[in-house]
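S.K.: Kindly generate the corresponding structure for this input.
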Amino acid sequence: MNFAVLVFPGSNCDIDCYKAVEETIGQPVSYVWHTETDLSQYDCIIVPGGFSYGDYLRCGAIARFAPVMSALVQAAQEGKYIIGICNGFQILTEAGLLPGALLRNRTLKFRCHPVTLEVVNANTPFTSEYKEGEQINIPIAHGEGNYYCDADTLKELQENNQIVFRYAGENPNGSVDNIAGICSKDGRIVGMMPHPERAVNELLGSEDGKRMFTSILNRWRGKNGAAAIG
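M.R.: As a prediction, this is how the structure comes out:
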């Protein structure tokens, strides 16, 4: 399974994502610079965290117009697997690949610490190895993670089971309905503020993020007639 990690000027979690794929599931992974226009060789595309283009205008607003984004939209239309983490989530909303927007944290402070998440949807390609209602420990690191959408969009997310993660306990940023992550209607595109790539080994404080990577690999292997990994 071929993975791409997109790299924009200001990305700073690209190495974390690369290492998570390489060391957790041992699959081919490549950095893809923001000027590239072809993602056809990749099965899963990761849009990592950081401060793309310095977060000028607003988070993800400039990255949304990078050349690679046309290829990402095409990949989405072709049904490829895409995950946006933190700034990557912001970029996906700016590009219209996921609904809603990410606003400044309600406290107006940057929050960087572990949080407890509830797995709301365990049926996406990225969450199939979790259990619905399970609580997991994944760190956050963001200043603009306050997920917002209007009432009609929220109702649609709830009815279509597009809410993937909620904050359990404290809501660190004020996001509507305690939302920490959502997905497209078909579940192939996931956006989340917490960083699963920083929770793949107990040395990092948690390995609860590891199953996001094994989930997507096993989903791909199942669709391509290969045996699942244990």
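S.K.: Next, please give the residue ranges for the helices of the protein.
M.R.: Using DSSP state H, the helices of the chain run over residues 14-20, 67-77, 87-94, 151-159, 210-223.
S.K.: Need the contact partners of the fourth one.
M.R.: Contact partners of helix 151-159, identified using C-beta atoms under 8 Å, 6 or more residues apart in numbering, comprise 99, 100, 149, 162, 163, 176, 177, 179, 182. All C-beta spots, glycine's among them, are computed from the backbone N, C-alpha and C.
S.K.: With stretch 101-110 instead?
M.R.: Residues from elsewhere that reach stretch 101-110 (C-beta under 8 Å, 6+ apart): 59-60, 89-90, 93-94, 111, 141-149, 172-174, 193.
S.K.: again, only this time at 10 Å
M.R.: Here stretch 101-110 makes contact (C-beta atoms under 10 Å, 6 or more residues apart in numbering) with 58-60, 86-87, 89-94, 111, 140-149, 171-176, 191, 193.
S.K.: could you dump it to CSV, C-alpha only?
M.R.: Only the C-alpha atoms of stretch 101-110 are listed here, as CSV (Å, rounded to 0.1, in the frame of the first residue of the first chain):
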residue,chain,number,x,y,z
ALA,A,101,-14.6,25.2,9.6
LEU,A,102,-12.0,25.4,12.4
LEU,A,103,-12.0,28.6,14.5
ARG,A,104,-9.8,29.9,17.2
ASN,A,105,-9.9,28.0,20.4
ARG,A,106,-12.5,29.4,22.8
THR,A,107,-9.8,30.2,25.3
LEU,A,108,-7.7,31.9,22.6
LYS,A,109,-4.8,29.8,23.9
PHE,A,110,-2.7,27.2,22.1
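S.K.: quick one: stretch 66-84 to chain centroid distance?
M.R.: 13 Å (C-alpha atoms, centre = their mean, to the nearest Å).
S.K.: buried sites along that stretch?
M.R.: Residues of stretch 66-84 classed as buried: 66, 68, 69, 71, 72, 75, 76, 80, 81, 82, 83, 84 (neighbour count, 16 or more other C-beta atoms under 10 Å).
S.K.: from memory the third one sits against residue 47, does it?
M.R.: Yes: the pair residue 69 and residue 47 qualifies as a contact (C-beta atoms under 10 Å) at a distance of 9.3 Å.
S.K.: okay, and the common contacts of these two?
M.R.: Common neighbours of residue 69 and residue 47, using C-beta under 10 Å, 6+ apart, are 6, 8, 63, 91, 92, 95, 97.
S.K.: Quickly note the distance from the second one to residue 25.
M.R.: Noted for residue 8: a distance of 24 Å to residue 25, by C-beta to C-beta, to the nearest Å.
S.K.: what about these two, which has more around it?
M.R.: Between residue 8 and residue 25, counted using other C-beta atoms under 10 Å, the more crowded position is residue 8 (24 against 19).
S.K.: Just the buried residues of the contacts of helix 151-159.
M.R.: Listed as buried from the contacts of helix 151-159 are 99, 100, 149, 162, 163, 176, 179, 182; burial here means 16+ other C-beta under 10 Å.
S.K.: Those: which two are farthest apart?
M.R.: Spanning the widest gap among those are 162 and 176, at 13.2 Å by C-beta to C-beta.
S.K.: Count residues in the vicinity of the residue nearest to residue 136 when sequence neighbours are not counted, would you?
M.R.: Among residues not flanking residue 136 along the chain, residue 208 sits closest, at 3.8 Å (C-beta to C-beta, 6 or more residues apart in numbering). The number of residues packed near residue 208 is 23, by other C-beta under 10 Å.
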